[in-house]
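> Dropping the sequence and predicted coords here.
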Amino acid sequence: MAKNEMKKILITGAVGQIGSELTTALRKKHGNDNVVACGRKTKPSDKLFNSGPFEYVDITDKDSVEKVVKKYDIDTVYNMAAILSAVGEEKPLVCWNVNINGMYNILEIAHEYDMVRIFVPSSIAAFGPETPRNNTPNETILKPKTMYGVTKVAGELLGDYYFKRFGVDVRGIRYPGIISNETFPGGGTTDYAVEIFYEAIKNKKYTCFLKKDTTLPMMYMPDCIKGTVDLMQADIKKLKHHCDFNMASMSFSAGELAAEIKKHIPEFKVDYKPDFRQAIADSWPESIDDSVARKEWGWKPSYDLSSMTRDMLEVLGKKYKEGKL
Ligand code: AKB
């Protein structure tokens, strides 16, 4: 088999918001038995557990990763295990340990086992207050003020280093806030944009932890999964970048999202009580320029604010009626 073919895939952080849906998508594409889902502690959903192999792995413990890599003959890793921005400010050392030491273990194992490809997510958190806030370019000032952001910049550099120095094919995207309806996000600053939908459906009211006019780049999960899989399949000869692709689809303020939901649920009420996450959001861009991803691997999103909102309310509304929310 050519080194280019991904035949046995490991997903760390598979119980998390992106990891869980990525696991489903990759199992559909590559076959259930070829995609090993890993979590550290959290019990996987029945869907995740019953659809293919599941293992408990702590990425900060190299041996535990290596055991699973050997057991399944893994050649590709999507390293989705991470501590996000808000929890990262509460527990900066844990954030560094998981996001950097954990990632380092994955890269070392990839190098030792001559793996085909590794995915390492970055984030809009790699940017900081000195970065141009609108249409933020791919190449720009990276001086984040959160520990999460520091680990994202260091992670991009580490991934690029492993590519250049050891030839490990590491790829990564700077994710915006991801909106989804399957697994709840945990510990991020953009989480409000998911919570608001659940509360709109369940209680018709929501207290937002960011100010009404706070605008951030966001993306609907189907686009996030498509972009991630497309980058991993892109022809390496066309990639000039590796671990630091801007990827955009929509930007909106908390107030604009509330107004969009109100079009469907007119009685929905939102009030705003900003907490410590406001300062994190204020240090991030409002919109980003993803022309590099479009050019190098053909990135193109499908959802905007209105189509994402309609779909979120439809999916969650159905779950609510079935007593599953
Ligand atoms: C967070 O809010 O921390 C994440 C992110 C933008 O990386 N969703």
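Great, that's in hand.

> Where does the closest residue to residue 271 other than its chain neighbours sit, in terms of helix or strand?
Take residue 271 and drop its neighbours on the chain: the residue closest to it by CB to CB, 6 or more residues apart in numbering is residue 207, 5.4 Å away. Any C-beta I mention is one placed from the backbone N, CA and C, and that applies to glycine too. When elements are assigned from DSSP states H and E, residue 207 belongs to strand 205-208.

> what about the following helix or strand past that strand, near the ligand?
From strand 205-208 onward toward the C-terminus, using DSSP H and E, the following helix or strand is strand 215-220. No: where contact is defined by CB under 6 Å from any ligand atom, no part of strand 215-220 touches the ligand; the two come within 7.6 Å at best.

> got any ranges where the stretch 1-150 of the chain has weak pLDDT?
1-4 (pLDDT under 70).

> For it, what lies in contact range of the ligand?
Within reach of the ligand by CB under 6 Å from any ligand atom, the stretch 1-150 of the chain has these residues: 84, 85, 123, 124, 125, 148.

> Mind checking which of these are in strands?
Counted as lying in strands by DSSP state E, out of those, are residue 123.

> before we move on, back to that, list the contacts of the residue nearest to residue 271.
By CB atoms under 8 Å, 6 or more residues apart in numbering, residue 207 lies in contact with 270, 271, 272, 273.

> Could you identify which of those residues has the most neighbours?
Neighbours here are counted as other CB atoms under 10 Å. On that basis the top member of the contacts of residue 207 is residue 270, with 20 neighbours.

> per-domain residue ranges of this protein.
Structurally, the chain divides into domains by automatic domain parsing as follows: 9-177+220-246, 182-218+251-287+302-321.

> Need the residues that contact the helix or strand hosting residue 197.
Taking DSSP H and E as the criterion, residue 197 maps to helix 192-202. Residues external to helix 192-202 that are found in contact with it (CB under 8 Å, 6+ apart): 17, 177, 179-181, 184-185, 205-206, 208-210, 216, 218, 254, 257-258, 261, 265, 268, 270, 312-313, 316-317, 320, 325.

> and the stretch 151-300 of the chain, which residues reach the ligand?
Taking CB under 6 Å from any ligand atom, the part of the stretch 151-300 of the chain that reaches the ligand is made up of 175, 177, 188, 189, 190.

> most neighbours, which of those?
Neighbours here mean other CB under 10 Å. Within those, the largest count is held by residue 189, at 30 neighbours.
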